[in-house]
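Asks: 3D, please:
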Amino acid sequence: MLMRMIMTKLSKNKVVLGLSGGVDSTTAALLLKERGLEVIGFYFDVSGENEEGAGAAEDLAGRLGIKFIKVDVSSEFEQIVIKNFCEEYSCGRTPNPCVVCNPNIKFKKLIEAADREGAYYIATGHYARISHNENTDLYYVRQGANERKDQSYMLYRLGQDVLSRLIFPLGDFSDKEITREMARQYDLPNADTADSQEICFIDDTRESYQEYLGRRGYKSVPGEFVDCEGKVLGKHKGIMNYTVGQRKGLGIALGKPAFVTQINPETNQVTLGDNADLFHNEVYSVDNVFADGKMLQQGECISVKAKIRYASKPAEAVISAAGDGRLLTRFDEPQRAATPGQSIVFYLDDCVIGGGFID
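Replies: Now for the predicted structure:
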């Protein structure tokens, strides 16, 4: 009852937008203003000292004629996102920090800001859409119209409290060039700037993720390269330097192409094999979530399409409960390099129904 009373006080004519200073979030602000909404720009400072980025975003907010709010989220970002990123790599897994950040930092902070500002809606410049099932009154993330830019994979852990108030203004854009052209029409300085880097807290022009981990005290412990039968092939530089599917930068010559097929943190061994060894029909996942809040029961199966990485296409599969909170996904066709630490995301048609972390 209290929550309903609070929600009735929020204006559906106001929206808090994640404003990074990039062309996507700026164009999203323009589209929201065209809808007649009062837009409030919200900047997340994940380092606590990004004055340049915050200044650029504030300047854009001024050009757009919208209110601007900057919040230092560095402490929470350090504990939730960066710590997870470092620890996952140190134990041989390959994390996706955006998947962790979105529900725990970005959209959480947007909702908190919207509540303070009296705004019902929140928005970002993601290339995705929102679907509402009127029969169940449930909200889902949908794939964006731009298949190449679709970011629905990154958003599968968002709950109904967020989805029910979320707007993706760029979701129906079929081409990124439409976004840039709109920015050009308004003579915005970021119309032709490059897309943001893959990991927002690592400047990959200055250091690799391995160097970043080392600078934060995570040390590479050398170990053995082995083949699928356990035969020692040579020495590796430490498991945090590798990911399943990797071919380049192995530092070992076997006379034929070699790929990382498995990383074992308990033995500190990295298994090398052929490309064919990377293909599997079955993938287990943990820490699974579903948009409807329900979990599969033992013996229950659902036919879905599933993605095992951001850039892959959804593939036909069946998911079922595997005990201890795990799910088993059986693909119709073998999938290449399912990587522990990355996410597997489940779709019905073009709607995200859930997902989990590959185990």
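Asks: give me the element the residue lying closest to K176 once chain neighbours are set aside is part of.
Replies: Closest residue to K176 apart from its sequence neighbours, by Cβ to Cβ, 6 or more residues apart in numbering: K149 at 5.8 Å. To be clear about C-beta, it is placed using only N, CA and C from the backbone, and glycine gets the same treatment. If you go by DSSP states H and E, K149 is not part of any helix or strand.
Asks: ok, how many other residues are close to K149?
Replies: Residues lying near K149 (other Cβ atoms under 10 Å) number 18.
Asks: kindly report the same for E229.
Replies: Using other Cβ under 10 Å, E229 is surrounded by 6 other residues.
Asks: thinking again about what came up before, surely the residue nearest to K176 and H126 touch.
Replies: No. Using Cβ atoms under 8 Å, K149 is not in contact with H126, being 9.2 Å away.
Asks: run through the helices of the stretch 201-350 of the chain in chain order.
Replies: Using DSSP state H, counting those that start in this stretch, the helices found in the stretch 201-350 of the chain span residues 209-215.
Asks: can you pull the buried residues of stretch 106-115?
Replies: By 16 or more other Cβ atoms under 10 Å, the buried positions in stretch 106-115 come out as K106, F107, K108, K109, L110, I111, A113, A114, D115.
Asks: for those residues, work out which two are farthest apart.
Replies: Pairwise distances among the buried residues of stretch 106-115 were taken by Cβ to Cβ; the largest, 15.4 Å, belongs to K106 and D115.
Asks: how much space between R206 and R215?
Replies: To R215, R206 is 11 Å away according to Cβ to Cβ, to the nearest Å.
Asks: before we move on, back to that, any chance of the buried residues of stretch 106-115 in TSV, plus pLDDT?
Replies: Below are those laid out as TSV (pLDDT from 0 to 100):
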residue	pLDDT
K106	98
F107	98
K108	98
K109	98
L110	98
I111	98
A113	98
A114	98
D115	98
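Asks: out of those, which is nearest to V162?
Replies: The closest of those to V162 turns out to be F107 (Cβ to Cβ; 4.8 Å).
Asks: quick one: which helix or strand includes the closest residue in space to the closest one that isn't next to it in sequence?
Replies: Distance criterion Cβ to Cβ, 6+ apart; nearest residue to F107, sequence neighbours excluded, is V162 at 4.8 Å. Using DSSP H and E, the element containing V162 is helix 160-163.
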